[in-house]
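# sequence below, structure please.
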Amino acid sequence: MLALRSVVSLSLLLAVALAYAVLGRPDPVAASSAWWLWFVTAANVASIALMVRFARLEGLRLRDVYFFDRTTWRGDLKWAGIFAVGAVVVAMPPGMALAALLWGDANTPNDLLFQPLPLLAVYPLLLLMPVTQGLAELPLYWGYVAPRLRALGLTRWTVIGLVGVVLSLQHLFFSMRFDWRYDLWLAVKFLPFALWTGYVVDRRPSTLPYMMVLHALIDVALPVLLLLVARGMALS
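Predicted coordinates:
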């Protein structure tokens, strides 16, 4: 389950790249990476389905994986606010700083990340991607995997570090191409954010549902940016 999202996304990316190669498309891996939001959405669906299945095998419900507890909402809202404030600092600025260091321009990798797709392929993502992302990503790593690693005897900080690194690294497999700077940027740009999410859930597990909502709202911007590019707008 820790590797699920990376494996699903990379498998789809390589399958589409192979199809492009057969069709004679130049740089098929880069062409395939344009579909990365669909790869993420597919990984989300797989994550939700397997969390439901494995939770049932343990006699649990999906809400148990989400740490949902309606009785603790006052304290959870306080921690959700702490999470939101921290996210402002660690979500986007590190990636922008790394891009500026690697390219001299913080906007350069976004032009590689968001490539035009047919509009009909973009519209469903406006709803599907952020909704499934909120329901899948943080719950998979911090609601399902992390507690089971702790149960195996790993220490709190080992789990936060291990799961946080994988959470960050998965972005490489969403949209990789043969460009070391771009791949490095993908792999580590969200590492501070990943570690921050792990820390907050570790301190206050019942905050996870509120973090899921905030995460989904943040990711609404991704298909919107893709739509703008698909309509011919330049991001930089």
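# now do the helix or strand containing Leu37: which elements does it pack against?
If you go by DSSP states H and E, Leu37 is part of helix 36-57. Applying 3 or more CB pairs under 8 Å, 6 or more residues apart in numbering; DSSP states H and E, we find helix 36-57 packed against helix 4-22, helix 62-65, helix 125-138, helix 156-175, helix 221-230. (Glycine included, C-beta is placed from N, CA and C.)
# show me what counts as buried in the longest one.
The neighbour-count check on helix 156-175 (16 or more other CB atoms under 10 Å) flags 159-160, 162-175 as buried.
# what's the average pLDDT for the helix holding Leu37?
Averaged across helix 36-57, pLDDT comes to 98.
# again with stretch 98-110
For stretch 98-110, the per-residue pLDDT averages 94.
# please list the outside residues in contact with the helix holding Leu37.
Outside helix 36-57, the residues that touch it by CB atoms under 8 Å, 6 or more residues apart in numbering are 1, 4-5, 8-9, 12-13, 61-62, 64-65, 113, 121, 125, 128-129, 132-133, 135-137, 139-140, 143-144, 174-175, 222-223, 226.
# coming back round to it: mean pLDDT and distance to Arg204 added to the helices and strands packed on helix 36-57, as TSV?
Shown next, in TSV, are those (pLDDT from 0 to 100; distance: least, CB to CB, whole Å):
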stretch	mean pLDDT	distance to Arg204
helix 4-22	98	24
helix 62-65	94	16
helix 125-138	98	13
helix 156-175	98	13
helix 221-230	96	26
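# Arg148 is nearest to which of the ones you listed?
Across the helices and strands packed on helix 36-57, Arg148 has its closest neighbour in helix 156-175 (9.5 Å, CB to CB).
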